[in-house]
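give me coordinates for this.
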Amino acid sequence: MQKNNELSGVKEIARRANVSIATVDRVIHNRTGVSAKTKEKIEAIIKEMDYKPNLLARSLASRKVFRFAVLIPRESAETEYWKAPLEGINKAWAEIRMYGVEVVFFHYELNDRQTFNNEANKILKDSFHGILLAPSFISEALEFFYKCEAKKIKCVFINSDISNVSPLSYIGPDLFQSGKLAGNLSKYLIPDGGNILIFNVSRELGAEHHLLKKATGFKSYFEENNSSSTVNMLTVHRTDYDSVMAELAAYLKDSTVDLLFVTNSRVSTVAKYFETNNITNIKLIGYDYLTRNIEYLEKGIIDFLICQKPIEQGYKGLLTLYDYFVESEKIDKVQLMPIDILTKENYKYYKN
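So this is what the prediction gives:
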């Protein structure tokens, strides 16, 4: 009877507010994704009805514990990017941990695909209902995904997706459009006919890699607009500073570059090189709201940063598993993040 009364209460709130039950649930759980005006309306109805959800009692009564694994890269000295999704995941877990949810973290090294396999095997030997996965190594992630499917374990992807597979949901940017946006930004920095370099810094760069999807989107902008600019691409597989800079220096020695597009968060590495060598004639675009990137954005060495809400990706990723298993909600197969543009004038007002 308690469950029916509670459901009726939520339905009545949704009816009065003219919104879905899922929207009411998000307000009750204090989650993102509801406009301020709608949230205020729902909260007023909840207050008027004196409605008090009893989620804890419901979870205790069922005695069922849902176990979720998180498999994402470890924060490294080369990039702090993965600290942001982890922050979002921990925020979500703090909200749901009392409702019959257990979360176990597994971290792999971005420069070592074997560490991905090692952590993936640990997950497969254990027992989990769902997995929040950042599929940085495509072939290994595919093999892991198929094994999870065979064991009926649901996967949610964040940050990058994989073609021709169907996880429970993908939460992250449209990578192609993200690269295309960078191409569009280029026209504000250099005239048509300039020399542009796409710069990839990654040990692993298969045909499905998210950096190449951005690069493809970037080049498509110039092709679609019949640009006379020359777009070349340089990929560096050794990711330490000295190796990256040695290859970039060799390229710049023999080639003219007016604009450089770094396809990931390592744009601060290039900015450091520009600052050290007093290079002021090359415009620079890269990714992500990270401490070192912001420092160079402030100095005017980085011209634009493209950001894709990594904290929210982690937050929504874990809550998607919770909504599916605990709340039995229908899940959107694709949850695209905004593609935001930061400059030294507006970055202070941005929330990751």
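
okay, helices next: where are they in the stretch 101-250 of the chain?
Here the stretch 101-250 of the chain has its helices, by DSSP state H, counting those that start in this stretch, at 113-125, 138-150, 175-186, 210-224, 241-254.

next, format those helices as a markdown table and append mean pLDDT.
Below are these laid out as a markdown table (pLDDT from 0 to 100):
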| stretch | mean pLDDT |
| --- | --- |
| helix 113-125 | 96 |
| helix 138-150 | 95 |
| helix 175-186 | 97 |
| helix 210-224 | 94 |
| helix 241-254 | 93 |
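
out of these, nearest to Thr269?
helix 241-254 (5.6 Å; Cβ to Cβ). Backbone N, C-alpha and C define where each C-beta goes, glycine included.

list the buried residues for the closest one?
Using 16 or more other Cβ atoms under 10 Å as the test for burial, helix 241-254 gives 244-245, 247-248, 251-252.

select, out of the helices of the stretch 101-250 of the chain, the one closest to Pro85.
Taking the helices of the stretch 101-250 of the chain one by one with Cβ to Cβ, helix 210-224 is closest: 13.9 Å.

which strands or helices does that closest one pack on?
For helix 210-224, the packing partners by 3 or more Cβ pairs under 8 Å, 6 or more residues apart in numbering; DSSP states H and E come out as helix 175-186, strand 195-201, strand 230-236.

off-centre distance for the last one?
When you say that, I think you mean strand 230-236. Distance of strand 230-236 from its chain centroid, counting by Cα atoms, centre = their mean, to the nearest Å, is 24 Å.

now do it: which elements does it pack against?
Using 3+ Cβ pairs under 8 Å, 6+ apart: strand 230-236 touches strand 195-201, helix 210-224, helix 241-254.

just to revisit the earlier point, deepest of the helices of the stretch 101-250 of the chain, which one?
Most buried of those by mean neighbour count (mean count of other Cβ atoms under 10 Å) is helix 175-186; its value is a mean of 21.

pull the CA atoms of that one into PDB?
What follows is helix 175-186, C-alpha atoms only, in PDB (Å, rounded to 0.1, in the frame of the first residue of the first chain):
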ATOM      1  CA  LEU A 175      32.700  14.200 -31.400                       C
ATOM      2  CA  PHE A 176      32.300  15.000 -35.100                       C
ATOM      3  CA  GLN A 177      30.400  18.200 -34.400                       C
ATOM      4  CA  SER A 178      32.900  19.200 -31.800                       C
ATOM      5  CA  GLY A 179      35.700  19.100 -34.300                       C
ATOM      6  CA  LYS A 180      33.500  20.900 -36.900                       C
ATOM      7  CA  LEU A 181      33.000  23.700 -34.300                       C
ATOM      8  CA  ALA A 182      36.800  24.000 -33.900                       C
ATOM      9  CA  GLY A 183      36.900  24.500 -37.700                       C
ATOM     10  CA  ASN A 184      34.300  27.200 -37.600                       C
ATOM     11  CA  LEU A 185      36.200  29.000 -34.800                       C
ATOM     12  CA  SER A 186      39.300  29.000 -37.000                       C
END
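
before I go, just wanted to say thanks for your time.
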